[in-house]
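[1] structural data only, the sequence is not supplied:
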């Protein structure tokens, strides 16, 4: 049916279409945002091909080697202003951001190149990339492998030959060896020496507390002293084996040639992994990809959090969320049960209900301020005075930590649990309760055996929503105990195993910190996208499971709901 | 059947075991009710605690000061006779307020115990024979320096110093005198020194001395040889011209350029570094009465003039339009109606104390323009008062008796006007709203105006609502009213899921991806605003022209799906033409063009970025509540309207929306509450500079972001710390009130629907 413009406008259809457009825009924005994070986060781990090309700028020729990270169009005018010679007539030019690595040599990781000025592009199979423990990535050609001062093998050409492959394989074996030694070193430094240091500190505190209590009995002191001497001897032994391991790990080194022909020595001990992306098949790339993702979720961060994994942040987030849910579930449920089942319904309960509801809308930073002032400084300060005087003036609980962070977030999320549970309780038909009471059950029994099981879907929903909110909350945590780099996990093998007073790392804060406080934002950005993706996935899963559990349990008790 | 015939089952319900069981169950029931009531109430109390705790931390800010005789072992310290002889010229205390120092006109310096006046150490200044002390001038209280002028025209600079040691674990403070310019007096002029003004930098000292007939300036440079440690002092002297004023007192400001000379009621401002030598730039009628005390405020930028009418005024040099420095009266304090005897300046804060002839002590703070205390502490006129360095104690001298007072004045620098009104800060040309909480030097004037932060908060919320509201409400209208249920069941949870998206992710994307992207495609962003709606409407019209048999393939209510490619294509098109438009209209770079042609400053992280990111964050909130409100409008209302021949759009605007409007209002309120309190997005996507400008291309600093930035560094219990609590309290109250309002509206709406 044809329709004239006036008629169509008069019917209000343009407005309907605009409203439809608003929904579409919302949905597209959401999907776009999620895909942006997903693409950038997942793309980071894929081994990109290394480009080698001749680059000319203002008549200067040079060889560039690196990965092209992104491209953009720039007005030629702007380039001319910057002193770049641009052919006449061009208005826009494409320029590429190249990750050239080798920060130790050139001082920069990334450089912009004009796309049209790149010539003789190639992807030589022999080019290799290494991830290092410091100075970021390295790109170049492998030239020689050395064991101490003795040359193990060398190669000068640019073609892939069996001779080269032999050298490469020995290089890989050498990396393998260095990595396994590093594992031993890590075991000693982190666990064994860490445990000794921890015990030494405890002994120091024990002695200090004896002094504070004016104990003069020398027996107590000698036992501490004996134990300390034992530990010191043990420490010295470990120190010696560490020295041996370090001289072992520093044995090998390689010589590599970089883009300007310079030969660089790299210690194998500094290398995390080496690979030749241009020579990798899809299967090899997939394996590499999987390996990288595993490293990301299971390893410690390196290089001021810009490389490596985020395991401590995942662990910290999970620990905090678990503690928080342990706190928030009983209290939230009890409060809801009290409000709905025990308290006298009236003006007061209505008022409380509105207040609780509104607390969910109070800015999270306010809870952070409260947590810092009340929990950390007030409660924590007093706990330190009472229970940990030996550690003063360095605070134990008088500073932000896992416990205070969990309690603060529990307070932040308790309204969510209360509201959800109350809603669940209000859905339960009176008849069910009355039936139970009529059969002679006490109120508590009715509650425990009938009401609560029926309200459990709502309770679960509340708890999961609380968890989702807590996992993504950053602002209050910045005040009550999150740090950019925690020296150790809050859960370890040292008594009392769970260290509630310890500061911890958190995924959300990690994003903020690495994205905004890191010295090398460009290099860190992909990792931040990956972290963001992980956080989004975790929270989306939690939310979806909240919905699923609710549906499942609702199904289970459906027969009761009439 | 009769009852007698039925035989009841012979069960005994009252066996001991059953009884025990019943008792146990009753006990359990009681315990449960008790436990649940206790738990429930304590959770609610914990929640209420937040409110009271914030209030508890904020309250001290607004408490007025109080003063009491110093307590020692719960006993008020008694007055004692002034130690030493002669008339007091100078009275001061050391850091702990344990030791006082008094300099008399006999040249005697006495260090005494402030509790009982017992002399700890007495020293005699080397006064030459036949020479008397004619004046004493305080150089700087915080540096503990003063200078003495002699009748032979010489001056001596003295500093009282204290060192602490801990023999046997107890603190012992040892006082001593130091002579920064040597023990030999410095010759200034031949006339007796009745007036003396001294100021110095690291190496250079300026001393101006003389009497009402003429002044002489002596410049001294002190050079310490780094190798040998020898001090080399060289001096030059010059007579200053006549300034045509009968000088009573002088003050040389620390910049050593400005000399203030006071006579009975006038004040002459002398520029010592003027081009043609020292000259008077201003002569001001400083008071209608006569000047009784004339002192510099901490930092030496401002001077205080007290008069016999009980008024104290604060003055500092302000640059006028012609860029000349003019001494300007900034504010006036009323210290009663009796003449002011003496002012004492605080050593760490921009505050002072005054004492009038009736013995009334008043404590003031200049920045906050606040009179924190008015209390009569002595009968009749006292001679002198002196603040302790920490402003926690004060010595008052009267008729040869000294008394020590404890002063509790923790937060004098906060008042309603300091927080919310324009304040004329030192060094500024006019009163302004400024938030600047900390600086490197000690004599910094903290600027605690919450206005720029509140403004930034509202600005961020405004732009977020500007973007989020239309999208969320229009989207909700369509979803609730036009969309087919099958699609609605998918779309609604999807958008609601976004409410759980951590804001740190939105902030990170806004700061690191959106901000540079928008800077690059600025023109494109504005084109999107234009092109996308046009494209949608055009597509709608074209769709209406499509033959029915194709059109009916897609039933009504699925339009939103059809629009997906349209919106994407229109957006891509806008971004694609962005560069072209910029080079065509704006010379290739819109942001340069704006700052050059329109004089609009552009920050990369600006309100537009925040608006989009935070708009994104509030969309799910507003969408969800609005959608519920519209969907809950009883269907028979719209059916009735449709049956009467109204179009769906007419039904929506005339029937459905008015009915649902309270719900939409409450959605907006709650969205607003969320935008106001959001921390991470603004923290990451703005420059966090506390500026007051509505410009969409500049950043802002919000209350929440300010707390996140400054809280970890603020000292517990300090004014700054409590003001941050106040900011949190303001946020708390704002969101709480807004949400309560929204909740009440919603409840009323629910009742209304119930009756329909």
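    Right, received. Where do you want to start? Predicted, not measured: the structure shown is a model, and the values here were computed from it. Residues are numbered from 1 along each chain as shown, chains lettered A, B, ... in the order given.
[2] the longest strand belonging to chain A: partners in the sheet, and parallel or antiparallel?
    As assigned by DSSP state E, the longest strand anywhere in chain A is strand A:60-75. With DSSP bridges as the test, strand A:60-75 is paired with strand A:51-57 (antiparallel), strand A:92-99 (antiparallel).
[3] need phi/psi at residue B:497.
    phi -60, psi -30 (degrees, to the nearest 10).
[4] same check on residue B:207?
    Torsion angles, degrees, to the nearest 10, at residue B:207: phi -120, psi 130.
[5] beta partners of it?
    residue B:198, residue B:218.
[6] from memory it sits against residue B:196, does it?
    Yes. Residue B:207 is within contact range of residue B:196, at 7.2 Å (criterion: CB atoms under 8 Å). Using the backbone N, CA and C atoms, a C-beta is placed for each residue, glycine as well.
[7] what is in contact with the two at once?
    Jointly contacting residue B:207 and residue B:196 under the rule CB atoms under 8 Å, 6 or more residues apart in numbering or on different chains are B:147, B:155.
[8] pull the distance from stretch B:745-756 to the chain's centre.
    43 Å (CA atoms, centre = their mean, to the nearest Å).
[9] revised request: answer the last question for stretch A:304-312.
    The answer for stretch A:304-312 is 7 Å, by CA atoms, centre = their mean.
[10] now swap in stretch B:463-474 and tell me
    With CA atoms, centre = their mean as the basis, the mean position of stretch B:463-474 lies at 31 Å from the chain mean.
[11] tell me which stretches of the stretch 401-550 of chain B form helices.
    B:416-420, B:451-477, B:485-497, B:503-509, B:515-520, B:522-545, B:548-551 (DSSP state H, counting those that start in this stretch).
[12] likewise the stretch 551-700 of chain B?
    B:559-585, B:590-593, B:607-631, B:635-643, B:648-651, B:657-677, B:680-685.
[13] let's have these in JSON lines, adding mean neighbour count, distance to chain A and mean pLDDT.
    Listed next are the helices of the stretch 551-700 of chain B as JSON lines, based on neighbours: other CB atoms under 10 Å in any protein chain shown; distance: least, CB to the nearest CB, whole Å; pLDDT from 0 to 100:
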{"stretch": "helix B:559-585", "mean neighbour count": "18", "distance to chain A": "4", "mean pLDDT": "86"}
{"stretch": "helix B:590-593", "mean neighbour count": "19", "distance to chain A": "9", "mean pLDDT": "78"}
{"stretch": "helix B:607-631", "mean neighbour count": "25", "distance to chain A": "6", "mean pLDDT": "90"}
{"stretch": "helix B:635-643", "mean neighbour count": "13", "distance to chain A": "13", "mean pLDDT": "90"}
{"stretch": "helix B:648-651", "mean neighbour count": "18", "distance to chain A": "3", "mean pLDDT": "90"}
{"stretch": "helix B:657-677", "mean neighbour count": "23", "distance to chain A": "2", "mean pLDDT": "88"}
{"stretch": "helix B:680-685", "mean neighbour count": "31", "distance to chain A": "5", "mean pLDDT": "90"}
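[14] any chance of JSON lines for those helices, columns distance to residue B:702?
    As requested, these are exported to JSON lines (distance: least, CB to CB, whole Å):
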{"stretch": "helix B:559-585", "distance to residue B:702": "29"}
{"stretch": "helix B:590-593", "distance to residue B:702": "24"}
{"stretch": "helix B:607-631", "distance to residue B:702": "9"}
{"stretch": "helix B:635-643", "distance to residue B:702": "41"}
{"stretch": "helix B:648-651", "distance to residue B:702": "39"}
{"stretch": "helix B:657-677", "distance to residue B:702": "8"}
{"stretch": "helix B:680-685", "distance to residue B:702": "5"}
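[15] quick one: which of those is nearest residue B:50?
    The minimum distance between residue B:50 and those falls on helix B:657-677, with 13.8 Å, by CB to CB.
[16] helices and strands around the closest one, which ones?
    Judged by 3 or more CB pairs under 8 Å, 6 or more residues apart in numbering or on different chains; DSSP states H and E, helix B:657-677 is in contact with helix A:364-370, helix B:451-477, helix B:607-631, helix B:719-755.
[17] of the ones you listed, which stretch is the most buried?
    Among the helices and strands packed on helix B:657-677, helix A:364-370 has the highest mean neighbour count (mean count of other CB atoms under 10 Å in any protein chain shown), at a mean of 28.
[18] what is the subsequent helix or strand relative to that one?
    helix A:381-387 (DSSP states H and E).
[19] can you report how many residues lie near the closest residue to residue A:79 other than its chain neighbours?
    Leaving aside its sequence neighbours, residue A:79 sits nearest to residue A:86 (CB to CB, 6 or more residues apart in numbering or on different chains; 5.2 Å). Residue A:86: 19 surrounding residues under other CB atoms under 10 Å in any protein chain shown.
[20] repeat that for the one 3 residues further on.
    Look at residue A:89: counted by other CB under 10 Å, it has 6 neighbours.
[21] cool, and residue A:14?
    Counted with other CB under 10 Å, residue A:14 comes out at 19.
[22] for it, list the residues it contacts.
    So residue A:14 contacts A:8, B:537, B:540, B:541 (CB under 8 Å, 6+ apart).
[23] how about the one helix or strand it maps to: buried residues?
    Applying DSSP H and E as the criterion places residue A:14 in helix A:13-43. Using 16 or more other CB atoms under 10 Å in any protein chain shown as the test for burial, helix A:13-43 gives A:13-27, A:29-30, A:33-34, A:36-38, A:40-41.
[24] one more: stretch A:51-64?
    Quick answer for stretch A:51-64 (16+ other CB under 10 Å): A:51, A:52, A:53, A:55, A:64.
[25] so for that stretch, mean pLDDT?
    Averaged across stretch A:51-64, pLDDT comes to 85.
[26] so what touches that stretch?
    A:65-68, A:83-85, A:98, A:100, A:111, A:113-114, A:117-124, A:127, A:259-260.
[27] which ones among the residues you listed lie within strands?
    The strands, defined by DSSP E, take in A:65-68, A:98, A:111, A:113-114, A:118-122 from the contacts of stretch A:51-64.
[28] show the buried residues in the residues you listed.
    By 16+ other CB under 10 Å, the ones in strands among the contacts of stretch A:51-64 give A:65, A:66, A:67, A:68, A:98, A:113, A:114, A:118 as buried.
[29] residues contacting the third one?
    By CB under 8 Å, 6+ apart, residue A:67 lies in contact with A:48, A:49, A:50, A:51, A:98, A:99.
[30] then residue B:320?
    Counting by CB under 8 Å, 6+ apart, residue B:320 has contacts residue B:326.
[31] what separation is there between the residue lying closest to residue A:481 once chain neighbours are set aside and residue B:249?
    Spatially, and ignoring its direct neighbours in sequence, residue A:481 is nearest to residue A:400 (3.2 Å; CB to CB, 6+ apart). Using CB to CB, to the nearest Å, residue A:400 is found at 53 Å from residue B:249.
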